[in-house]
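> Compute the structure for the input listed below.
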Amino acid sequence: MNRSGKSSYFDSPGRYRIRVLGQLSASWIDQLETMTITAGQATGLGQVTTLMGEMRDQAALMGVLNSLYDLGFPLLRVERLWPPLSGEGLDP
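This is a model prediction of the structure:
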């Protein structure tokens with residue numbers, strides 16, 4: 001529910017991709033919901049870690065983002081992959 005008391009689009013499950021600067025150990029996977037953790041190299045930035053997975057709602061997403069913040073990882077990008085806002089385009 002949002003502040004107006006109405007259910008919103010973001011109260012439902014969704015698949016997200018989150019990118020942070022730095023190397024996040026795969027041992028954190030249990031604490032970060034059902035996210036898959038992948039490390040890669042980004043030009044000019046150094047090590048970038050990508051987390052991808054389904055969140056049950058926006059509160060769960062905020063829990064993951066807060067955990068990353070508490071660990072000191074700068075947030076580079078958060079993308080909702082599925083379901084797309086417009087109902088077309090992005091694949092799950």
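
> alpha carbons only for contacts and neighbour counts from here, please
Noted.

> Let me see the contact set for the closest residue to Arg15 other than its chain neighbours.
Closest residue to Arg15 apart from its sequence neighbours, by Cα to Cα, 6 or more residues apart in numbering: Glu54 at 4.1 Å. Glu54 sits next to 13-16, 34-35 when contact means Cα atoms under 8 Å, 6 or more residues apart in numbering.

> Try it again at 7 Å.
13-16, 34 (Cα atoms under 7 Å, 6 or more residues apart in numbering).

> So in this protein, where's the weakest helix or strand by average pLDDT?
strand 36-42 (a mean of 81; mean pLDDT, DSSP states H and E).

> by contact count, what packs against it?
With contacts defined as 3 or more Cα pairs under 7 Å, 6 or more residues apart in numbering; DSSP states H and E, strand 36-42 has these neighbours: strand 46-55.

> Name every strand pairing with the strand it packs on and say which way it goes.
Using DSSP bridges, strand 46-55 pairs in its sheet with strand 14-21 (antiparallel), strand 36-42 (antiparallel).

> okay, those, which one's buried deepest?
Mean neighbour count, computed with mean count of other Cα atoms under 10 Å, is highest for strand 14-21 among the strands paired with strand 46-55, reaching a mean of 20.

> quick one: low-confidence ranges for the protein?
Scanning the chain for pLDDT under 70 picks out 1-10, 26, 29-33, 43, 84-92.

> Dead centre of it: give me the residue that sits there.
For the chain, Ile18 is the residue whose C-alpha lies nearest the centre (Cα atoms, centre = their mean; 3.9 Å).

> gap between it and Gln47?
The spacing between Ile18 and Gln47, counted by Cα to Cα, to the nearest Å, is 14 Å.

> contacting residues for the residue nearest to the centre of the chain?
By Cα under 7 Å, 6+ apart, the neighbours of Ile18 are 50-52, 77-79.
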